[in-house]
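Visitor: Pasting the sequence and the predicted coordinates here, then a few questions.
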Amino acid sequence: MQKINRVAIVGGTHGNEFTGAFLVKKFEYFPDLIKKFNFEILTILGNPKAFKAGRRYIDKDLNRRFLSENLQNTTLASYEDMRAKEIAEILGDNNQAAVDVIVDLHSTTANMGLSIILGNQHPFLLKLSAYLSAINPLVKVCHTIPEEGSNFLRSLSELGFVIEVGPVAQGVLNADLFQKTEQLIYTILDYLERYNHGDIPEINNPLTLYKFMSFVDYPRNENGEIQAMIHPDIQYQDYEPLNPGDPLFLTLDGRAIAYEGTSTVYPIFINEAAYYEKGIAMLFTAKQLLSISPA
Ligand SMILES: [Zn+2]
């Protein structure tokens, strides 16, 4: 792999996820913080109009507008479709100076700590993730949805990934999580710099990877209305094992609904506020131990 020449830090892809949006603002107010590295760093506020309005998006979810055929489709002209095309123009492969790495900053109402969300298992990303989770126990690593035909912003680069931090409410700045995310970004930038020097740090072996299995929706009636909430036993229990028979939901009349699968799973994004409209109560993942080949 070649040297890393350009890195993009994107925040506020969802306008009401303030941690990333204000980190981008901070780096723009105080550019010296990210000037010392041996590569160029671009900062981008993903969805400025939604950020101003304090909303996730204006017309459509920006982070689902990056499918390459949609980016080519001139009839798609919503605010987020246009913004996705602008961002792809700046960061994407068609540009001579395409970025080598994209760090897309998000926050979640789920108890995800500092989660690295990978869209592929590129060896470079696995090594970086193994290093980050080895030095910081708050860091968890997930591989969510297969990258082929991905509509996520991070998919504009092979070395694109998401940092999800939480729990934090939408439209809220939490200084503790803000500082932890900021430190994580500096650790990542230091790692990239060391990579350019041919000196990447020792890696933790094996890497614990939470691999996407399925989306789980809320129980609903025939009209699509939610009939149960996340069971209190699993609220904020992201990354904890859920065993067959464990309570999953609590109906409005107080009855527990158990997990009926046959294997232990590790739910993540439990009770993410933005996923109610997507019909997602949580994601089930499988916990895997991946051995990482030495540098
Ligand atoms: Zn987000």
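Guide: Here it is on my side, so go on.
Visitor: contacts, neighbours, all on C-alpha from now
Guide: Will do.
Visitor: OK, contacts around whichever residue of the stretch 1-150 of the chain sits closest to the ion?
Guide: At 4.3 Å from the ion, His106 is the closest residue in the stretch 1-150 of the chain, using CA to the ion. Each residue near His106 by CA atoms under 8 Å, 6 or more residues apart in numbering is listed here: 11-14, 17, 19-20, 162-165.
Visitor: any weak-confidence spans in the stretch 151-295 of the chain?
Guide: Within the stretch 151-295 of the chain, the stretches with pLDDT under 70 are 204, 294-295.
Visitor: mind listing the strands for it?
Guide: Listed in chain order, the strands of the stretch 151-295 of the chain (DSSP state E, counting those that start in this stretch) span 160-166, 207-216, 228-230, 247-251, 256-258, 266-268, 282-290.
Visitor: Three-state assignment for the residue lying closest to Lys85 once chain neighbours are set aside, please.
Guide: Among residues not flanking Lys85 along the chain, Leu71 sits closest, at 5.6 Å (CA to CA, 6 or more residues apart in numbering). The three-state label given to Leu71 by DSSP: H, G, I helix; E, B strand; the rest coil is helix.
Visitor: what's Ala169 in contact with, if anything?
Guide: Counting by CA under 8 Å, 6+ apart, Ala169 touches 108-109.
Visitor: if I look at it, how far off is Leu177?
Guide: Using CA to CA, to the nearest Å, we find Ala169 at a distance of 11 Å from Leu177.
Visitor: cool, and Lys85?
Guide: When Lys85 is compared with Leu177 (using CA to CA), they lie 31 Å apart.
Visitor: What of Phe212?
Guide: For Phe212, the distance to Leu177 - CA to CA - is 25 Å.
Visitor: just to revisit the earlier point, ok now the helix or strand harbouring the residue of the stretch 1-150 of the chain closest to the ion, how far from the chain's centre?
Guide: In the assignment (DSSP states H and E), His106 maps to strand 101-107. Centroid displacement of strand 101-107 relative to its chain, using CA atoms, centre = their mean, to the nearest Å, is 7 Å.
Visitor: and the protein, which residues reach the ion?
Guide: With CA under 5 Å from the ion as the criterion, the chain meets the ion at residues 14, 106.
Visitor: what residue lies at the spatial centre of the chain?
Guide: Val162 (3.4 Å; CA atoms, centre = their mean).
Visitor: List the residues that contact that residue.
Guide: Contacts here follow CA under 8 Å, 6+ apart; on that basis Val162 touches 103-106, 115-118, 154.
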